[in-house]
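[1] Got a predicted model here, sequence first, then my questions.
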Amino acid sequence: MNYQALSAQIRQKKSYLCVGLDTDIQKLPPHLANVPDPVFEFNKAIIDATAPYAVAYKPNIAFYEAQGPRGWESLQKTLDYIPKDCFTIADAKRGDIGNTSGLYARAFFDPSAAGLNFDSITVAPYMGHDSVMPFLAYPGKWVILLALTSNPGSADFQRQLVDNETQELFETVIQKAQTWATHEQLMFVVGATQADQIARIRELAPDNFLLVPGVGAQGGSLADVSKNGLTKDGGLLVNASRSILYASSGIDFAEAAAAEAKAIQQEMATYLN
Ligand SMILES: O=C(O)c1cc(=O)[nH]c(=O)n1[C@@H]1O[C@H](COP(=O)(O)O)[C@@H](O)[C@H]1O
């Protein structure tokens, strides 16, 4: 899905919600225990329940990899089930020497390889330009580069002063990466827990979409993120995973997920006006 189509979806659904499919087999409702593919059945119900309120889905690959071959199968079926008008994110946080990144890109972007055809992938910038470029070699596919993450450890490296102590490392990441790709192929990850930095990030990257995880279970504020992060084209995808997926641990999990997603969407609609 390209920049214009994503922006149009946000306008149409009055939503910039990304539902994180961090589907933990140990947290599934007991009544799904005996179906052949519980992870897919759970995801299918969550997607059906939340699709009216969401513009993107982000399976976190760790939750599937941890299940071995059957996890990859659940992932494939889930990706195929996501409605075509929704943006898809492989949250894989990849990045390696160019030769290896090329294979990661093929795995997630080339359907004739592993069968997966995601719109985008999360990538770690630590190894620099040649670790990122192979993902950008796929026309129409997006790199979502980690800039300022939501976790406490983000201070260890990302907040360190660099460039003769003139700015923090995440700012250099945001500036440099914009020389590698246009805003039509490059997003940045900024944690919702870092909302006080979003105005600054918008100055550095006025047109790039920001993927913002960390509302819900991690306590970030949708209001704060939206106030400084939204652009005329939307410019934000705000992710919630656990707060939607596990809103109820019972048989009514999908209804509870829908209610949670709807509440977020309704709040988003007020910021989009
Ligand atoms: O890249 C990400 O999506 C990501 C970056 C970040 O800084 N913080 C962060 O929480 N995430 C992911 O976003 C999701 C957050 O999940 P919840 O805290 O359950 O909403 C998880 O899949 C994380 O791996």
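    Structure received. None of the values given here were measured: they were computed from a predicted structure. Residues are numbered from 1 along each chain as shown.
[2] Can you show me the helices along the stretch 51-200 of the chain?
    Assigned by DSSP state H, counting those that start in this stretch, the stretch 51-200 of the chain shows helices spanning 61-65, 69-81, 98-109, 129-136, 154-157, 169-177, 198-204.
[3] Save the ones you listed as CSV, and put in mean pLDDT and mean neighbour count too.
    The way it works is simple: take the backbone N, C-alpha and C, and place the C-beta from them, glycine included. As requested, the helices of the stretch 51-200 of the chain are exported to CSV (pLDDT from 0 to 100; neighbours: other Cβ atoms under 10 Å):
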stretch, mean pLDDT, mean neighbour count
helix 61-65, 98, 19
helix 69-81, 98, 17
helix 98-109, 98, 18
helix 129-136, 98, 20
helix 154-157, 98, 13
helix 169-177, 98, 20
helix 198-204, 97, 17
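[4] Between the ones you listed, which one is closest to residue 242.
    Residue 242 sits nearest to helix 61-65 of all the helices of the stretch 51-200 of the chain, at 11.2 Å, using Cβ to Cβ.
[5] quick check, that closest one touching the ligand?
    No: Helix 61-65 does not reach the ligand (Cβ under 6 Å from any ligand atom); its nearest approach is 7.5 Å.
[6] give the contact list for residue 97.
    Residue 97 sits next to 127, 130-131 when contact means Cβ atoms under 8 Å, 6 or more residues apart in numbering.
[7] at 10 Å what do you get?
    Listed by Cβ atoms under 10 Å, 6 or more residues apart in numbering, the contact set of residue 97 reads 127-128, 130-131, 134.
[8] quick one: it from the ligand, how far?
    Distance, residue 97 to the ligand, using Cβ to the nearest ligand atom, to the nearest Å: 22 Å.
[9] separation between that residue and residue 130?
    7 Å (Cβ to Cβ, to the nearest Å).
[10] What of residue 101?
    Residue 101 sits 8 Å away from residue 130 when distances are taken as Cβ to Cβ.
[11] How about the residues of the chain by the ligand?
    Contact residues, the chain versus the ligand (Cβ under 6 Å from any ligand atom): 20, 22, 60, 91, 122, 149-150, 189, 191, 213-214, 216-218, 239-243.
[12] In PyMOL, how would I select the buried members of those residues?
    The buried residues among the residues of the chain next to the ligand can be selected in PyMOL (16 or more other Cβ atoms under 10 Å) with this line:
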select buried, resi 20+22+60+91+122+149+150+189+191+213+214+216+217+218+239+240+241+243
